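>>> whatever this is, show me its structure:
(chains A and B)
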Amino acid sequence: MSDKVLYVMYDDDHVLKHSAEKLVSKGVKIAEVFSPFPIHGIDPIIGVKQTRLGIMAFLYGLTGLTLATIGMRFFMITDWPMNIGGKPNFSYLENMLAFVPISFEFTVMCAAHGMAITYLLRNKTLPGMPAQNPDPRTTDDKFVMEIRLSDNHQISESELDGMLQEIGYLELDKKEIK
Amino acid sequence: MEFQITKKAKNVAFGLIGLGALLTIIGVAVSASDHHFTTRLLASGLISGFFFFALGLGALFFLALKYATETGWYAAIKRVIEAVAGFLPFGMIILGVVLLVITFMDGAHIYTWMDPEVQAHDEMVRHKAAYLNPIFFWIRTIAYFTTYFLFWRGFKNRSLEEDRVGGTELHFKNYKRGALFLVFFAVFSSTSAWDWIMSVDVHWFSTLFGWYTFAGMWCSTMVVLILTTLYLKKLGHLPNVNDSHIHDLGKWAFATSFLWSYMWFSQFMLIWYANIGEEVVYFQTRIAEFKLLYFGMFIINFAFPMLILMSRDAKRNAGILVFVGLTILVGHWLDVYIMISAGALGANAKIGALEIGMALLMAGTFIFVVLRNLSKAPLTPVNHPFLDESNHHEI
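Model prediction:
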């Protein structure tokens, strides 16, 4: 299905935010915003959902804790009981205190790496992946709002053009997507 | 001023004071003939005296930290912090009186090193006498009290003056004084914990002890700040304090409870691992006499805030915050209780009418003083340079 995309460019994040507010109040759905830095407060305006990365972090942390416990129990108790400082070396539970720092570190490591990798994957920004921003200037000093006509069936293209004229912008770029 | 103590709040505060006094009297009547009665009475005074003094001190520290870091978000709740810090003079009087009575009773079996008898026979105490002697102890205690009081008075006066004159001159003065306070506090928070609490177990020492005590105090303070802010919000005050402020306070309580757990565990694990007789004796007493309470207290203060306050929504929910807050507030009181009681009374320690009464008595006083402080100044510092930032705080 063919679609038409409008790239509306601004040179100030606040101006973009206010324009987005006006457009949304007229019922326009904005698909995406490209910006060199995070724009504070844009998420609720264009309807970005709360991130679920925190839940994933918790799950990765639990994974790390479990792996660390299984690993240490095997290495230090089952496979090769180590006698360190005369501590009981036949029981994980009685030696638990000694394993807490490693459990903690491994939990943090798994949570942090898991989060970072998930973030990169989800955003399709792993090293070497093709860039998705429509204009290289959005990594410098320009801000672009992406509006898809397929998201806005109730509004015709000319109506949208009129609205944008009224609100104002720096540049307007239109692209056909096949 | 805009905030008036409600009749209900006054009744609760005086009710707590009355109930506390009644329980204390019952406790005295029941156990006056007890062999350890004086020690128990003074120990319970020291426990609750220190705990509530520490709430005020923690708020003063937090205020100084905010000044020194030129933080913006807290401006809308600054008066709450100041009101809690305003308990400091009262806390000092209570703690000072308790310490004075203990000194006049030659340590009252709490600070055994004050006892000339012990000094004469105990080799280790004799070697520590250069630091741990009543005169130097009081020089230090007065130095702490004076320093804290002067800084507190300075912050308070400048804060009220800022309401009148505005400008940034006072702000930069607060910035410098805040940083200076932190320098003093860095040393005093450790040494005062050694003097007032660690010296109860006079043969034992831990370099970490000061930070451990400080972390517990900071966590309790954050909880009190949350509870006070939520109370004022519920009454319809503090219109500019939004969910984000509450969320930030919740994060502080969450983080400081981790800091406390981290300190507790570091101290415990290193001593457990090294297993040196003179060090493990501290934990042996606690495990022998307070096993359930000691580890239960740790679980409450660590696991409760960790599991319940972890999510973002929980930190914005008043009900959850109040529930977790009150629980760990009791948990940290228990922490101080075990810190002092285990050394002073050992197997004879128990939580009875005396301890609970004393705690309620001081809790009532604390609530009344904090609310009275709140009613004395406008709840919003009108000329704080970061007030606008704070009003638009959003995370």
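
>>> most proximal residue of chain B with respect to chain A?
The minimum distance from chain B to chain A, using CB to the nearest CB, falls at B:Met269 (5.0 Å). To be clear about C-beta, it is placed using only N, CA and C from the backbone, and glycine gets the same treatment.

>>> tell me which element that residue is part of?
B:Met269 belongs to helix B:243-274 when elements are defined using DSSP states H and E.

>>> cool, and A:Pro130?
According to DSSP H and E, A:Pro130 maps onto no helix or strand at all.

>>> and A:Glu171, backbone torsions?
Here is the backbone geometry of A:Glu171 (degrees, to the nearest 10): phi -140, psi 150.

>>> that one: neighbouring residues, count only.
Residues near A:Glu171, counting by other CB atoms under 10 Å in any protein chain shown, number 13.

>>> nearest residue to it in space, ignoring adjacent ones along the chain?
Residue nearest to A:Glu171 in three dimensions, not counting chain neighbours: A:Met9, with 4.1 Å by CB to CB, 6 or more residues apart in numbering or on different chains.

>>> could you count how many residues lie near A:Glu159?
13.

>>> now B:Tyr212
Number of residues near B:Tyr212 (other CB under 10 Å) recorded here: 25.

>>> quick one, what contacts it?
B:193, B:206, B:260, B:263-264, B:267 (CB atoms under 8 Å, 6 or more residues apart in numbering or on different chains).

>>> tell me which helix or strand it sits in.
helix B:209-234.

>>> list the buried residues of that helix.
B:209-233 (16 or more other CB atoms under 10 Å in any protein chain shown).

>>> would you check how far apart the nearest residue to the residue of chain B closest to chain A once chain neighbours are set aside and B:Ser266 are?
In this structure, B:Met269 finds its nearest non-sequential neighbour in A:Leu97, 5.0 Å apart by CB to CB, 6+ apart. Look at A:Leu97 and B:Ser266: by CB to CB, to the nearest Å, they are 11 Å apart.

>>> same question for B:Leu232.
Here B:Leu232 is placed at a distance of 36 Å from B:Ser266 (CB to CB).

>>> would you agree A:Met145 falls within a helix?
No: assigned with DSSP: H, G, I helix; E, B strand; the rest coil, A:Met145 falls outside any helix and is strand.

>>> quick one: residues contacting it.
By CB under 8 Å, 6+ apart, A:Met145 lies in contact with A:7-10, A:16, A:19-20, A:23, A:30, A:32-33.

>>> pLDDT (mean, whole number) over stretch B:8-25?
Stretch B:8-25 comes out with an average pLDDT of 95.

>>> list the buried residues of it.
B:13, B:16-17, B:19-20, B:23-24.

>>> neighbouring contacts of that stretch?
Under the criterion CB under 8 Å, 6+ apart, residues B:353-354, B:356-365, B:367-368, B:371 lie in contact with stretch B:8-25.

>>> at 10 Å instead, please
B:4-6, B:41, B:44-45, B:48, B:231, B:235, B:352-372 (CB atoms under 10 Å, 6 or more residues apart in numbering or on different chains).

>>> now find how far off-centre that stretch is within its chain.
21 Å (CA atoms, centre = their mean, to the nearest Å).

>>> output that stretch as CSV, nothing but the C-alphas.
What follows is stretch B:8-25, C-alpha atoms only, in CSV (Å, rounded to 0.1, in the frame of the first residue of the first chain):
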residue,chain,number,x,y,z
LYS,B,8,-7.0,16.7,65.0
ALA,B,9,-3.2,16.9,64.5
LYS,B,10,-2.8,18.6,67.9
ASN,B,11,-4.9,15.9,69.5
VAL,B,12,-2.9,13.2,67.9
ALA,B,13,0.4,14.8,69.0
PHE,B,14,-0.7,15.4,72.6
GLY,B,15,-2.4,12.0,72.6
LEU,B,16,0.9,10.4,71.7
ILE,B,17,2.7,12.4,74.3
GLY,B,18,0.1,11.4,76.9
LEU,B,19,0.1,7.8,75.9
GLY,B,20,3.8,7.7,75.9
ALA,B,21,4.1,9.4,79.3
LEU,B,22,1.5,6.9,80.7
LEU,B,23,3.3,3.9,79.3
THR,B,24,6.6,5.2,80.6
ILE,B,25,5.2,5.6,84.1
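
>>> what about the residue of chain A found nearest chain B, how many neighbours?
Chain B sits closest to A:Leu97 of chain A, with a gap of 5.0 Å, by CB to the nearest CB. Here the count is done by other CB under 10 Å, and A:Leu97 has 14 residues near it.

>>> that one: what's it in contact with?
Residues near A:Leu97 by CB under 10 Å, 6+ apart: A:87, B:265, B:268-270, B:272-273.

>>> tell me how many other residues crowd B:Leu99.
Other residues near B:Leu99 come to 22 when the count uses other CB under 10 Å.

>>> tell me the buried residues in the helix or strand where it lies?
In this structure, B:Leu99 sits in helix B:88-104 according to DSSP H and E. By 16+ other CB under 10 Å, the buried positions in helix B:88-104 come out as B:88-92, B:94-96, B:98-99, B:102-103.

>>> list the buried residues in the very next helix or strand once past that helix.
Later in the chain than helix B:88-104, the nearest helix or strand by DSSP H and E is helix B:116-121. For helix B:116-121, burial by neighbour count (16+ other CB under 10 Å) applies to B:118-119.

>>> and after helix B:116-121, which helix or strand comes next?
Using DSSP H and E, the helix or strand that follows helix B:116-121 towards the C-terminus is helix B:123-128.

>>> what's that following helix in contact with?
B:112-115, B:118-120, B:122, B:132-133, B:199, B:202-205, B:278.

>>> which secondary structure element contains the most centrally placed residue in chain A?
Nearest to the mean C-alpha position of chain A, by CA atoms, centre = their mean, lies A:Tyr119 at 5.1 Å. Per DSSP H and E, A:Tyr119 falls inside helix A:96-122.

>>> next one: that helix to chain centre, how far?
19 Å.

>>> the inter-axis angle of it versus helix B:243-274?
Orientation check (axes from the mean of the first three to the mean of the last three CA atoms, to 10 degrees): helix A:96-122 against helix B:243-274 gives 140 degrees.
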